[in-house]
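Visitor: Structure for this input, please:
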Amino acid sequence: RSKDFCFVRDLHRNGFVQILPAINRLRGVVKWTDIVVSHSGSDRSQTGQELKLKRDLRLLQLEEQERPEHPFTLFNLGMTYLEMGQYEQARRFLERTLLVAGPQESHVPKAFALLIQALTELGRHDDAWQGCQHGLHPYANDPELLFRAEVLAHHFGRFDEAERYYLQLLATRCDQVYRSIDRGICGYKARHNLALVYMDQGRYEAAEPLWQVILKDHPSSPEAWRGLITSLLQQDKAAAAAERLSNAKALMSLPGLRLQLDAQLDTHNADYEAASAKLEQAVKSCPHDFEARNALCRLLFEHGDPHQAERAHVQLAGLRQDDPCVHHNLGQIYLRLNLLEDALKEFRAADRLRPNCPDILAHLALAHELLGDIREPCEPHIHPRSVSLRGEGRRKDSRR
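Guide: Numbers count the residues shown, from 1 in each chain. The predicted model follows:
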């Protein structure tokens with residue numbers, strides 16, 4: 001009850017305040033309580049959030065004028081720019097706050113995590129990795145830093161390292177962190193990404209129980225269902241996959257997903273006609289479902305008529321014009337059909353969207369060669385998937 005324990009403001013002339021700086025200054029002890037504070041009345045619409053960010057930015061800029069180089073003001077500026085998608089501005093402010101903040105300040109681990117996110121969004125993965133290692137040195141068990149580290153390790157193909165970070169994170173308590181945090185990174189999101197690591201390694205027997213646990217808590221997760229059925233089929237457990245689907249009550253409310261999973265089972269059993277019919281039904285019932293169209297395109301590419309595959313891929317490209325894999329696969333279909341100018345156009349589009357990809361460059365060179373010396377085109381190779389299951393989230397932000 002000392003008068004020295006007082007709230008200080010976060011934003012210029014606004015009602016946002018915090019008491020941790022005063023407690024830390026007086027070397028007080030912070031303990032957990034079962035008291036719950038409900039915050040209501042916030043406008044969660046896109047327009048409402050955009051207005052809030054603009055207001056916060058204006059107030060923070062005024063605050064910076066009054067308190068230049070104040071670490072918490074710089075931190076909030078970096079976080080606000082990050083939420084606005086202005087990643088370079090976010091990086092600058094987050095790096096500045098880490099230069100002037102003391103290691104005991106509660107926002108420092110979060111600042112590291114947000115800086116790593118900004119660097120990742122900017123495509124600076126090596127710098128993001130260095131930021132992870134720098135942050136983990138003093139904050140070895142910070143959940144957000146562990147999550148960022150595991151995602152980056154997976155991105156670089158260092159699977160054993162990614163597994164180690166995931167397992168450490170799953171043993172960490174997210175409920176003992178003095179800041180806002182996505183609790184899912186210590187639970188189903190970590191399991192989801194760890195399962196993807198195992199699947200990329202071909203360790204389907206290790207991925208299977210993780211998908212099972214996720215579905216127990218999130219029975220309607222499309223990613224978990226696809227992951228589970230894929231892991232079972234890759235282990236030649238078709239009967240187990242069929243039984244799991246027949247008993248899945250959660251799929252009754254997701255008929256489009258159920259059709260896709262049934263088609264996956266039909267494909268494994270080499271019943272391509274049945275699989276195609278189910279996928280076409282799934283696309284018809286959910287015209288904007290990218291995964292259904294993607295599955296149909298893959299099936300037609302591998303086992304269908306090239307003209308049918310072309311029509312399906314053109315429709316898919318209309319939905320995902322910025323997906324390099326769609327253009328790459330469509331280009332390979334045109335190679336089959338000896339439509340070389342069309343193939344070259346698609347490979348160029350894929351190269352613009354994903355520069356320096358070896359597969360794309362190889363097919364681009366082949367298209368140029370064939371245009372000068374028309375020969376029987378080689379058998380194309382479809383990209384294994386047009387999008388990653390990692391969502392956030394390869395982002396699999398994406399990964400998650």
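
Visitor: How about the contacts made by the nearest residue to Q201 once chain neighbours are set aside?
Guide: Using Cβ to Cβ, 6 or more residues apart in numbering and skipping the chain neighbours, the partner closest in space to Q201 is F159 (5.2 Å). Glycine gets a C-beta too; all of them are placed from N, C-alpha and C. Going by Cβ atoms under 8 Å, 6 or more residues apart in numbering, F159 touches 153, 197, 200-201.

Visitor: So how do I select the buried members of these in PyMOL?
Guide: Filtering the contacts of F159 down to the buried ones (16 or more other Cβ atoms under 10 Å) takes a single PyMOL command:
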select buried, resi 153+197
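
Visitor: got any ranges where this structure has weak pLDDT?
Guide: 1-3, 7-18, 20-21, 39-41, 175-179, 373-400 (pLDDT under 70).

Visitor: Do you have the strands of it handy? List them.
Guide: 8-9, 17-18 (DSSP state E).

Visitor: For S220, grab the count of nearby residues.
Guide: S220 has 13 neighbouring residues, counting by other Cβ atoms under 10 Å.

Visitor: Quick check, it in contact with K249.
Guide: No. Counting by Cβ atoms under 8 Å, S220 does not reach K249; the two are 10.2 Å apart.

Visitor: number of nearby residues for L245?
Guide: 18.

Visitor: Can you tell me the closest non-neighbouring residue to it?
Guide: Going by Cβ to Cβ, 6+ apart, L245 has L261 as its nearest residue, at 5.8 Å.

Visitor: and that neighbour, what does it touch?
Guide: By Cβ under 8 Å, 6+ apart, L261 lies in contact with 225-226, 229, 245, 251.

Visitor: and those residues as JSON lines, adding distance to N24?
Guide: Listed next are those as JSON lines, based on distance: Cβ to Cβ, whole Å:
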{"residue": "W225", "distance to N24": "46"}
{"residue": "R226", "distance to N24": "46"}
{"residue": "I229", "distance to N24": "50"}
{"residue": "L245", "distance to N24": "54"}
{"residue": "L251", "distance to N24": "51"}
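
Visitor: Out of those residues, list just those in helices.
Guide: Here DSSP state H is the test, and the contacts of L261 give 225-226, 229, 245 as lying in helices.

Visitor: Which one of those is nearest to A343?
Guide: R226 (30.0 Å; Cβ to Cβ).

Visitor: That closest one and R203, how far apart?
Guide: Per Cβ to Cβ, to the nearest Å, R226 is found 17 Å from R203.

Visitor: With E63 instead?
Guide: 50 Å.

Visitor: The two: who's more crowded?
Guide: Applying other Cβ under 10 Å to E63 and R203 shows that E63 carries more neighbours, namely 22 against 16.

Visitor: T73 is in contact with that one, correct?
Guide: Yes. With contact defined as Cβ under 8 Å, E63 counts as touching T73 (4.9 Å).

Visitor: what is in contact with these two at once?
Guide: What both E63 and T73 touch, as defined by Cβ under 8 Å, 6+ apart, is an empty set.

Visitor: Now do the contacts for the nearest residue to G28 once chain neighbours are set aside.
Guide: Nearest residue to G28, sequence neighbours excluded (Cβ to Cβ, 6+ apart): F5, at 7.2 Å. Contacts for F5 (Cβ under 8 Å, 6+ apart) come out as 19, 22-23, 26, 28.

Visitor: try 10 Å this time
Guide: Residues near F5 by Cβ atoms under 10 Å, 6 or more residues apart in numbering: 19, 22-23, 25-26, 28.
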